[in-house]
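**Q** got a structure for you, letters missing:
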């Protein structure tokens, strides 16, 4: 049996909030082995995600936050696989904008562990981009799944409803930049980075109001 691995699937769709809609590409992260997996952010295309799972047992659909582009395919994927959808309770108001008639199946809380193929993913509550935004830290894989909290080059956007720039900076400073420098940051959009690559730029982001 192959060991635990991280796979990236890029899906395309739209992001809508505050009356605007934008075309986006999202990273869907699949963590697991040959037998089982978890999906982090079921974005846009349940068919493509199901194909990538290739018959593996899906243990959970983990939502880093509830902007529509990160959760729009989650109910369809859950219906196909029987996997529970997990979301931090503070993002329920955003979730209901996209899925008013279908609630998540369980809550993500600070310090909670999601385990797949013997590997533990620890939930870090990192509000700012959204109130219930979380990251998932897998020390055994030297990996952080950051959703839209931290990207290659700066923090996630905070110019729309439910977001707050000082809060995201606090989250990044206190929860993420304390991780080992060699931790690979697997982001919600775009390319990966590392904690070590991003940490030196924190004060620049604060000064610019990034």
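**A** Perfect, thanks for sending it. These numbers come from a predicted model, not from an experiment. Numbers count the residues shown, from 1 in each chain.
**Q** please make it C-alpha for all contacts and neighbour counts, starting now.
**A** Fine.
**Q** can you give me the strands in this structure?
**A** In the chain, the segments counted as strands under DSSP state E are 5-17, 20-32, 36-40, 57-62, 85-88, 106-108, 113-116, 119-125, 134-138, 143-147, 150-151, 154-155, 184-187, 193-194.
**Q** nearest to residue 202, of those strands?
**A** Nearest to residue 202, of all the strands of the chain, is strand 154-155, at 8.0 Å by Cα to Cα.
**Q** so what touches that closest one?
**A** Contacts of strand 154-155 with the rest of the structure, by Cα atoms under 8 Å, 6 or more residues apart in numbering, involve 148, 149, 168, 169, 172, 198, 201, 205, 210.
**Q** what lines up beside it in the sheet?
**A** With DSSP bridges as the test, strand 154-155 is paired with strand 150-151 (antiparallel).
**Q** now do the partner strand, average pLDDT.
**A** The average of the pLDDT scores along strand 150-151 is 98.
**Q** could you do stretch 100-107 as well?
**A** Here stretch 100-107 scores 98 as its mean pLDDT.
**Q** for residue 44, give its distance to residue 204.
**A** Separation of residue 44 from residue 204 (Cα to Cα, to the nearest Å) stands at 34 Å.
**Q** next: residue 181.
**A** For residue 181, the distance to residue 204 - Cα to Cα - is 18 Å.
**Q** and of the strands of the chain, who's closest to residue 48?
**A** Among these, the nearest to residue 48 by Cα to Cα is strand 5-17 (8.0 Å).
**Q** and for that closest one, what are the contacting residues?
**A** Contacts for strand 5-17 (Cα under 8 Å, 6+ apart): 21-33, 43-45, 48-49, 52, 67-69, 160-161.
**Q** kindly report the same for stretch 26-36.
**A** 1-12, 37-43, 49, 53, 56-59, 69-70, 116-117, 187-190.
**Q** report pLDDT for residue 209.
**A** 81.
**Q** run a quick neighbour tally on it.
**A** Residue 209: 11 surrounding residues under other Cα atoms under 10 Å.
**Q** run a quick check on it versus residue 164, I expect a contact.
**A** No. Residue 209 sits out of contact with residue 164 when judged by Cα atoms under 8 Å, with a separation of 10.9 Å.
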